[in-house]
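[1] Structure for the following, please:
(4 chains)
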Protein chains: 2
Amino acid sequence: MPDTPPSLDPAQLGAYFALVEVSSLLRHQVEQQLRDAGDLSFVQFQLLARLGDSPTGSQRMTDLADGVVYSRSGLTYQAGLLEKAGLVTRSPSADDERSVTVTITDAGRERLAKVFPGHIEVVQQLLFEVLSPRDVQALAALLTPVRDHMRSTPPRSAAPRRRRR
Amino acid sequence: MPDTPPSLDPAQLGAYFALVEVSSLLRHQVEQQLRDAGDLSFVQFQLLARLGDSPTGSQRMTDLADGVVYSRSGLTYQAGLLEKAGLVTRSPSADDERSVTVTITDAGRERLAKVFPGHIEVVQQLLFEVLSPRDVQALAALLTPVRDHMRSTPPRSAAPRRRRR
DNA sequence: GCTGTGCGCTTCGAATTCGAAGCACTCTGG
DNA sequence: CCAGAGTGCTTCGAATTCGAAGCGCACAGC
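    Coordinates of the predicted model:
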């Protein structure tokens, strides 16, 4: 007899679709705002934000790529753009000669500061306008374990490298 | 005195970041599965799913674009691909000569049926593995109003057309 | 120390994406 | 009925995205 076809009940479907829709709509609006306010794409913003959050202001390429869920080649491209714009610096890592350390510059922090208020405002209006503080707590409490679960399974955004012949 | 700088408390920030991360990770995995199982991109899957859900199996281009939060030109491209693959049909609308009606074909429904179980499985494992039925209810209850709120503000995914000179 | 495997990043080519502009049709007001 | 404005879609060009392949360093094991 066949496996039970994996299936989602209506509530699950509803939650799933709502999640997809909400994140698409949110991302779309946020893209707009970042573009207008500071000529940044969402990925670029995420990269700067992560670097700005980091105690050292630096991260390895790979860790950035995994952090924002981006392909490595895509990250190379974006890092190049950010570097050309002077928002970021790339330098070979001290300990591992293969690896590249990306560091946010003062200009990068300024840009971040410039777009941040508007960014927050958009998120505030779209997402938190209709959520009470308790709702927010609940949402975070629901999504955080999910994120951890998703992060735990395949740590790398890239598939395990195919075995060489 | 200056406006209160719009700001998010830590709980809000946490919820926001978790949402972004969860949807990125989920989408990434789902893309993989759809590609492997049925050679569909996520957008294409969404389009077929929406058409399949529709009572008539048809939708206008614009409504599809808004539904999946996609640019109109992007939708034209994707509709072209789906049509070339025989999963979808495009025809001028009866009532409005400008508009194009997209209809899912039997092959489209088959493709949908082919990838769906695996799709569900991925979502199940990544998203619902760690959520109790009550959690799912709560998540849907939180996100649905948010979606409605986001949908209500700017109905169109495209910015209002710039005034013609 | 040497060799083979694996990792970190970049380069390359192909596919996708978007906004601006263009075309055709619809609708409103005079 | 006609002009003007708006809507629906496509075309066009430029920018982004990804995976596959390539390069060099790191780190076993012998």
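
[2] Could you use CA atoms for every contact and neighbour count after this?
    Fine.

[3] Now do the contacts for the residue positioned nearest the centre of chain A.
    Centrality entry for chain A: nearest residue to the mean C-alpha point is residue A:68, 3.5 Å, by C-alpha atoms, centre = their mean. With contact taken as C-alpha atoms under 8 Å, 6 or more residues apart in numbering or on different chains, residue A:68 is in contact with A:43, A:46-47, B:21, B:24.

[4] Out of those residues, flag the one nearest to residue B:34.
    Sorting these by distance to residue B:34 puts residue B:24 at the head of the list, at 15.3 Å, by C-alpha to C-alpha.

[5] which residues does residue A:109 contact?
    Counting by C-alpha under 8 Å, 6+ apart, residue A:109 makes contact with A:48, A:52, A:87.

[6] out of these, who has the most neighbours?
    residue A:48 (27 neighbours; other C-alpha atoms under 10 Å in any protein chain shown).

[7] buried set for the biggest helix by length in chain A?
    Longest helix in chain A, counting residues (DSSP state H): helix A:10-38. By neighbour count, with 16 or more other C-alpha atoms under 10 Å in any protein chain shown as the criterion, the buried positions of helix A:10-38 are A:11-34, A:37-38.

[8] and DNA strand D, which of those reach it?
    When the buried residues of helix A:10-38 are filtered against DNA strand D using C-alpha under 7 Å from any atom of the strand, no residues are retained.

[9] Now go through the contacts of residue A:109 and say which are in helices.
    For the contacts of residue A:109, membership in helices holds for A:48, A:52, with DSSP H as the criterion.

[10] show me which of the contacts of residue A:109 neighbour chain B.
    With C-alpha under 8 Å from any C-alpha of the partner chain as the criterion, the contacts of residue A:109 include none near chain B.

[11] ok so, going back, so the longest helix of chain A, near chain B or not?
    Yes. Under the criterion of C-alpha under 8 Å from any C-alpha, helix A:10-38 makes contact with chain B via A:11-12, A:14-16, A:18-26, A:28.

[12] which helices and strands does that helix pack with?
    Applying 3 or more C-alpha pairs under 8 Å, 6 or more residues apart in numbering or on different chains; DSSP states H and E, one finds that helix A:10-38 contacts helix A:42-53, helix A:106-123, helix B:10-38, helix B:133-152.

[13] I'd like these laid out as a markdown table, including mean pLDDT and distance to residue A:147.
    A markdown table is the format used below for the helices and strands packed on helix A:10-38 (pLDDT from 0 to 100; distance: least, C-alpha to C-alpha, whole Å):
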| stretch | mean pLDDT | distance to residue A:147 |
| --- | --- | --- |
| helix A:42-53 | 96 | 17 |
| helix A:106-123 | 94 | 20 |
| helix B:10-38 | 93 | 5 |
| helix B:133-152 | 94 | 14 |
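
[14] okay if I get these as a markdown table plus distance to residue B:61?
    Putting the helices and strands packed on helix A:10-38 into a markdown table (distance: least, C-alpha to C-alpha, whole Å) gives the following:
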| stretch | distance to residue B:61 |
| --- | --- |
| helix A:42-53 | 26 |
| helix A:106-123 | 28 |
| helix B:10-38 | 23 |
| helix B:133-152 | 18 |
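
[15] Which among the ones you listed is found nearest to residue A:94?
    In terms of C-alpha to C-alpha, the element of the helices and strands packed on helix A:10-38 nearest to residue A:94 is helix A:42-53, at 18.0 Å.

[16] Tell me what angle that closest one forms with helix A:106-123.
    Inter-element angle recorded for helix A:42-53 and helix A:106-123: 120 degrees (by axes from the mean of the first three to the mean of the last three C-alpha atoms, to 10 degrees).

[17] Helix A:42-53 and DNA strand D in contact?
    Yes. Using C-alpha under 7 Å from any atom of the strand, helix A:42-53 comes into contact with DNA strand D via residue A:43.

[18] residues in contact with the very next helix or strand once past that helix?
    Next along the chain after helix A:42-53, taking DSSP states H and E as the criterion, comes strand A:58-60. Contacts of strand A:58-60 with the rest of the structure, by C-alpha under 8 Å, 6+ apart, involve A:51, A:99-104.

[19] touching DNA strand C at all, strand A:58-60?
    Yes. In terms of C-alpha under 7 Å from any atom of the strand, part of strand A:58-60 sits within range of DNA strand C, namely residue A:60.

[20] Just the CA trace of the helix or strand following that strand, in CSV.
    Following strand A:58-60 in sequence order, the next helix or strand is helix A:61-68 (DSSP H and E). Backbone C-alpha positions of helix A:61-68 (Å, rounded to 0.1, in the frame of the first residue of the first chain) are rendered in CSV as follows:
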residue,chain,number,x,y,z
MET,A,61,32.2,35.8,2.3
THR,A,62,30.9,32.4,2.9
ASP,A,63,29.3,33.3,6.2
LEU,A,64,27.6,36.3,4.6
ALA,A,65,26.3,34.2,1.8
ASP,A,66,24.9,31.7,4.2
GLY,A,67,23.5,34.4,6.4
VAL,A,68,21.5,36.1,3.7
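
[21] in helix A:61-68, what counts as buried?
    By neighbour count on 16+ other C-alpha under 10 Å, the buried set for helix A:61-68 is A:61-62, A:64-68.
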